[in-house]
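Enquirer: The following comprises the amino acid sequence and a computationally predicted model.
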Amino acid sequence: MTQAHVAILDDEPQIRHMLSEALTEAGFRTTTYARATEFEAALASGAPDVCLVDLGLPDKDGLALVHRLALESGAAIIIISGRAQVQDRITGLELGADDYIIKPFDPTEVVARVRARLRRDRDDNQGTGNTAHFEGWTAQFDRYVLTGPDGEERAISHAEGEVLRLFLERPRRLISRAQMQEELGGAAGESFDRAMDVRISRLRTKLNEDPKNPRLIKTIYGAGYIFLGEVRWS
């Protein structure tokens, strides 16, 4: 079985070593980077399965990097940061991160979060195909790309893709916030709810939905969401 590849971006040598050692012992392949520029250069030869990204980088804004990764890489993104404010966590999740771990942390927690993220992705891929067709649209989850009825492609982030896949696997069924939290992971609360609102809003925009009267992703106030399109998987 191919080892999952975890990239670690943190300017603190002790943290890079601690994470790399713990993940290697757990059976992962790791590469470490101290600066965003060398990390971005390495991405040109292929994206890792998971990116662990510190926000306090010496050469680039960490949140801007997270946003770019979410849009372009298709990798799962876990922020590791000393910024513990709720708004920092909300912002990180809104920009496309899949999880947020606050320093100081136990490395075994990071290993567990990485395993959970990869297990969720693997279960998704085994449950159905990687391509969904609905109402003239095509969603390719191996590339994280939406293709519209006009043939135009638009990228979706890994986090947006998780939400869209959840809807497409359960068309015409009510999905509550509690179900979303259980399926997608992360701690329930304000930061999770806000992140879901933002991801759904972005999906509606990319699907050319009317924000006041969306046709496909409907909000059932006080209950959750429902996807109303017909879906075929391949």
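Expert: Received, thanks.
Enquirer: Thr91 reaches Ala64, doesn't it?
Expert: No - the pair Thr91 / Ala64 is not scored as a contact, 11.2 Å apart, by CB atoms under 8 Å. Every residue, glycine included, has its C-beta placed from N, CA and C.
Enquirer: residue boundaries of the helices in the chain?
Expert: Applying DSSP state H to the chain gives helices spanning 13-25, 36-43, 62-72, 86-94, 107-127, 158-168, 177-184, 190-206.
Enquirer: Please identify the deepest-packed of the ones you listed.
Expert: Comparing the helices of the chain by mean neighbour count (mean count of other CB atoms under 10 Å), helix 158-168 comes out on top with a mean of 23.
Enquirer: for this protein, which spans come out with low pLDDT?
Expert: Within the chain, the ranges that satisfy pLDDT under 70 run 1-2, 121-128, 186-188.
Enquirer: Show me the domain layout of it.
Expert: 5-125, 128-233 (automatic domain parsing).
Enquirer: Centroid-nearest residue for the chain?
Expert: In the chain, the residue lying closest to the centroid (CA atoms, centre = their mean) is Ala159, at 2.9 Å.
Enquirer: can you tell me which residues contact that one?
Expert: Counting by CB atoms under 8 Å, 6 or more residues apart in numbering, Ala159 touches 70, 77, 93, 96-98, 195, 199.
Enquirer: try 7 Å this time
Expert: Neighbouring residues of Ala159 by CB atoms under 7 Å, 6 or more residues apart in numbering: 70, 96-98, 199.
Enquirer: For Gly148, see how far away Asp142 is.
Expert: Distance of Asp142 to Gly148, given as CB to CB, to the nearest Å: 18 Å.
Enquirer: higher neighbour count, the two?
Expert: Gly148 (14 against 11; other CB atoms under 10 Å).
Enquirer: My guess is the more buried one contacts Thr138. True?
Expert: No - under the criterion of CB atoms under 7 Å, Gly148 is not in contact with Thr138, lying 8.4 Å apart.
Enquirer: Need the residues touching each of those two.
Expert: By CB under 7 Å, 6+ apart, Gly148 and Thr138 have no common neighbours.
Enquirer: wait, Ile200 sits on Lys218?
Expert: No - Ile200 lies out of contact with Lys218 (CB under 7 Å); the separation is 10.5 Å.
Enquirer: Spell out which residues are contacts of both of those two.
Expert: Tyr225.
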